[in-house]
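Q: Return a 3D structure for these sequence lines:
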Amino acid sequence: MKNKGYTLVEIMVGITIFMIIIAAPVGFFVSSLRAQQKILFSQQLLDNISYSMEYVTRALRMAQKDINGNCINKNMNYEITRSGNGIKFLNYHNTCQEFYWDNVSSPRRLQEVENAVTLPLTSDDIDVISFKIGSADSWDQGDSEQPKVTLYLEIKGIKSQKAELQPEIKIQTTISQRNLDTQI
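A: All right, here's what the predicted structure looks like:
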């Protein structure tokens, strides 16, 4: 009687060929999932920081000159605070407002102070690596330039434990004051 089964060698060869054929699509699928995760984390980071930067730029654009010196130095539009990590100004509600980089907390974040109330501007999923304010050359009345502020911001997403899924973004923007404030 003849045996109609497969030998161990034939089974091992068949399994090896099957594994080689399946390994390529599985590898492609796994790398596609990682790429999609990175894109989603980047998009969430952009969404979070977009709101914060829009809020800051709108407030800085609407700032006004402190004629009496109640908030910052007299006849100034803005003032750098916290060793260059913050900016203070008189807002359009005539209250003192400040944005600063809290580099002590974990995660580091942007904060806002208005009427002695401190609020975070960035979420817990974002680590603000650096926040710098550019030159203060146009902030006083001693020139014929419109006041403007340049902000430099470097952020990193920290939602994932894997370093390759933590996107980093560097942003630079310049904001000029909405109200005309030049010598005539």
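
Q: Now name the helix or strand holding residue 14.
A: With elements taken from DSSP states H and E, the one containing residue 14 is helix 8-61.

Q: Which neighbouring elements make contact with that helix?
A: Helix 8-61 is packed against strand 86-90, strand 96-102, strand 109-114, strand 126-133, strand 148-157, strand 168-176, with contacts defined by 3 or more CB pairs under 8 Å, 6 or more residues apart in numbering; DSSP states H and E. Bear in mind the C-beta positions are built from the backbone N, C-alpha and C, glycine included.

Q: any idea of the angle that helix forms with strand 126-133?
A: Angle, helix 8-61 to strand 126-133, by axes from the mean of the first three to the mean of the last three CA atoms, to 10 degrees: 40 degrees.

Q: Quick one: mean pLDDT for helix 8-61?
A: For helix 8-61, mean pLDDT rounds to 90.

Q: Next: stretch 92-111.
A: Stretch 92-111 shows a mean pLDDT of 91.

Q: Residues in contact with it: which ones?
A: The contact list for stretch 92-111 (CB atoms under 8 Å, 6 or more residues apart in numbering) reads 52, 56, 59-60, 62-64, 70-72, 81-82, 85-91, 112-115, 118-122, 124, 126-131, 153, 158.

Q: re the thing from before, if we look at the following helix or strand past the helix holding residue 14, which residues are touching it?
A: Going down the chain from helix 8-61, the next helix or strand is strand 78-81, by DSSP H and E. Here strand 78-81 makes contact (CB under 8 Å, 6+ apart) with 60, 63, 72-73, 86-89, 98, 100, 133, 136, 139, 147, 149.

Q: Sheet partners, orientation included, of strand 78-81?
A: strand 86-90 (antiparallel) (DSSP bridges).

Q: Render the CA-only coordinates of the strand it pairs with in CSV, please.
A: Provided in CSV are the C-alpha atoms of strand 86-90 (Å, rounded to 0.1, in the frame of the first residue of the first chain):
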residue,chain,number,x,y,z
GLY,A,86,7.9,86.3,28.2
ILE,A,87,6.2,89.4,26.7
LYS,A,88,3.9,91.7,28.6
PHE,A,89,1.6,94.4,27.2
LEU,A,90,-1.6,96.4,27.7
